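Q: only geometry, no sequence info:
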Ligand code: CA
């Protein structure tokens with residue numbers, strides 16, 4: 001899943017980016033509201049984490065513009081302010097969740113996972129597809145009950161395909177879900193990860209749709 005983090009506090013942004021990457025998210029980061037609006041238009045994320053106190057404009061304005069444009073992008077607001085008025089305004093503007101600073105990282109991660117599950121309409125952190133089971137909280141994968149050891153990128157690739165089993169994802173879409181902006185991507189990176197996943201999960205688990213991309217066999 002690809003996440004856009006809008007946060008002007010550089011040390012906090014770095015810590016969040018690190019923690020979220022370890023949780024299997026492809027994280028892109030901007031520090032300004034204008035950059036956030038541009039990024040959402042040019043390269044839409046799956047989820048937005050939005051600080052309210054931004055240097056160039058109020059985070060609530062960013063949210064207002066996004067919602068006015070009709071986007072249903074899930075948004076989690078972060079703020080140092082604990083004013084009820086801000087919280088109410090944010091939720092009324094269409095934020096999906098709200099977390100006051102300072103917060104504990106596990107709580108942020110749990111809230112982000114909860115938002116991600118709403119995207120996939122999966123009620124718990126356990127995703128089952130045929131004999132495969134993904135635990136999106138612990139990042140563990142089981143096949144017929146047996147643990148499968150995956151690298152972080154392999155896990156990210158599998159969870160991207162598992163968000164909507166059966167749906168075809170292009171190589172470009174998969175690259176966006178696995179890599180942040182500016183990360184080095186070998187031209188055959190996705191093919192290599194697919195190869196490893198097939199070796200670990202069974203050759204016919206991931207189907208190639210020629211000239212289009214890949215999809216997970218839904219059962
Ligand atoms: Ca701020």
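A: Okay, I see it. Note that the coordinates shown come from a computational prediction; the quantities given were computed from them, not determined experimentally.
Q: Tell me where this structure has helices.
A: With DSSP state H, the ranges of helices along the chain come out as 10-22, 33-42, 59-68, 84-92, 105-120, 152-163, 171-178, 189-201.
Q: Number of residues surrounding the residue of the chain found nearest the ion?
A: Here the chain gets closest to the ion at one residue, residue 53, 3.6 Å apart by CB to the ion. Glycine gets a C-beta too; all of them are placed from N, C-alpha and C. Residues near residue 53, counting by other CB atoms under 10 Å, number 15.
Q: Just confirm it contacts residue 80, I think it does.
A: Yes. Counting by CB atoms under 8 Å, residue 80 is a contact partner of residue 53 at 6.0 Å.
Q: in the protein, what spans have low per-residue confidence?
A: The chain contains residues with pLDDT under 70 at 81-82, 120-123.
Q: Quick check: residues of it near the ion?
A: 8, 51, 53 (CB under 5 Å from the ion).
Q: Run through the residues that contact the first one.
A: Yep, that's residue 8 we're talking about. 31-32, 51, 53-55 (CB atoms under 8 Å, 6 or more residues apart in numbering).
Q: Try it again at 7 Å.
A: Residues near residue 8 by CB atoms under 7 Å, 6 or more residues apart in numbering: 31, 51, 54-55.
Q: ChimeraX command for the buried members of those residues?
A: Those of the contacts of residue 8 that count as buried under 16 or more other CB atoms under 10 Å are selected in ChimeraX with:
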select :31,51,54
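Q: Relative to residue 196, how far out is residue 76?
A: 32 Å (CB to CB, to the nearest Å).
Q: Pick out whichever of these two has more residues nearby.
A: Taking other CB under 10 Å, residue 76 and residue 196 do not tie; residue 76 has more neighbours (21 against 15).
Q: For the more buried one, list each beta-bridge partner.
A: residue 49, residue 97 (DSSP bridges).
Q: shouldn't it be in contact with residue 91?
A: No. Contact between residue 76 and residue 91 fails when scored by CB atoms under 7 Å: they sit 11.4 Å apart.
Q: In the sheet, which residues pair with the closest residue to residue 16 other than its chain neighbours? Tell me.
A: Closest residue to residue 16 apart from its sequence neighbours, by CB to CB, 6 or more residues apart in numbering: residue 5 at 5.9 Å. For residue 5, the beta-bridge partners are residue 29, residue 49 (DSSP bridges).
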